[in-house]
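[1] Let's see this in three dimensions:
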Amino acid sequence: MPTQWEADDNIRRNQLRPSLHLNVAACGLRATDVHGEIRYLDTISHASRVLEVEPTNVKALFRRGQAHLLRPNHINGLALALEDLRRAAELEPADAGVRSMLARARAQQKALDQKDASMFGRMLG
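    As a prediction, the model looks like this:
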């Protein structure tokens, strides 16, 4: 492993980083930790690193949105998922995977809204 990188090597390495982070993010949706939990935080972290340098990267938005949506018991997960998935759908409206995951997130939001309305109705009624 070289300790000094040539300028061309630095450029090539930096061009490869988003792809590498996207691959690790994809793995995080399938890999489990020692407790058998899916590694959603790895996906969120690596997708976020891509979005720091490429804010319109649809794959990164999709993978991060998917991780937020599938991550259990996270208080803001659904809102964060909807934000990322809506942005991905704006950028790639024909992407079937994005549309499907966005529909799933919207269905979860609708169910949550109905549950909240019912609870508040009982409290006030």
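
[2] Which residue, other than its chain neighbours, is closest to the spatially most central residue of the chain?
    When the chain is reduced to its mean C-alpha position, the nearest residue by Cα atoms, centre = their mean turns out to be residue 64, at 1.0 Å. Of all residues not flanking residue 64 in the chain, residue 47 sits nearest, at 3.7 Å (Cβ to Cβ, 6 or more residues apart in numbering). Yep, even glycine has a C-beta here, placed from its N, CA and C like the rest.

[3] The one you found: what's it in contact with?
    Shown in contact with residue 47 (Cβ atoms under 8 Å, 6 or more residues apart in numbering): 21, 22, 25, 60, 61, 63, 64, 67.

[4] and the last one, how far is that from residue 55?
    In this case it means residue 67. Per Cβ to Cβ, to the nearest Å, residue 67 is found 18 Å from residue 55.

[5] surely the residue nearest to the centre of the chain meets residue 44?
    Yes: when contacts are counted by Cβ atoms under 8 Å, residue 64 is listed as touching residue 44 (5.5 Å).

[6] Give me the distance between residue 41 and residue 47.
    Distance from residue 41 to residue 47, by Cβ to Cβ: 11 Å.

[7] who touches both of those two?
    Joint contacts of residue 41 and residue 47 (Cβ under 8 Å, 6+ apart) are residue 67.

[8] what about residue 60, how many neighbours?
    Number of residues near residue 60 (other Cβ atoms under 10 Å) recorded here: 26.

[9] And for residue 91?
    15.

[10] same deal with residue 104?
    The number of residues near residue 104, taken as other Cβ under 10 Å, comes to 15.

[11] again with residue 85
    Using other Cβ under 10 Å: residue 85 sits among 26 other residues.

[12] element containing it, please.
    For residue 85, the host element (DSSP states H and E) is helix 77-91.
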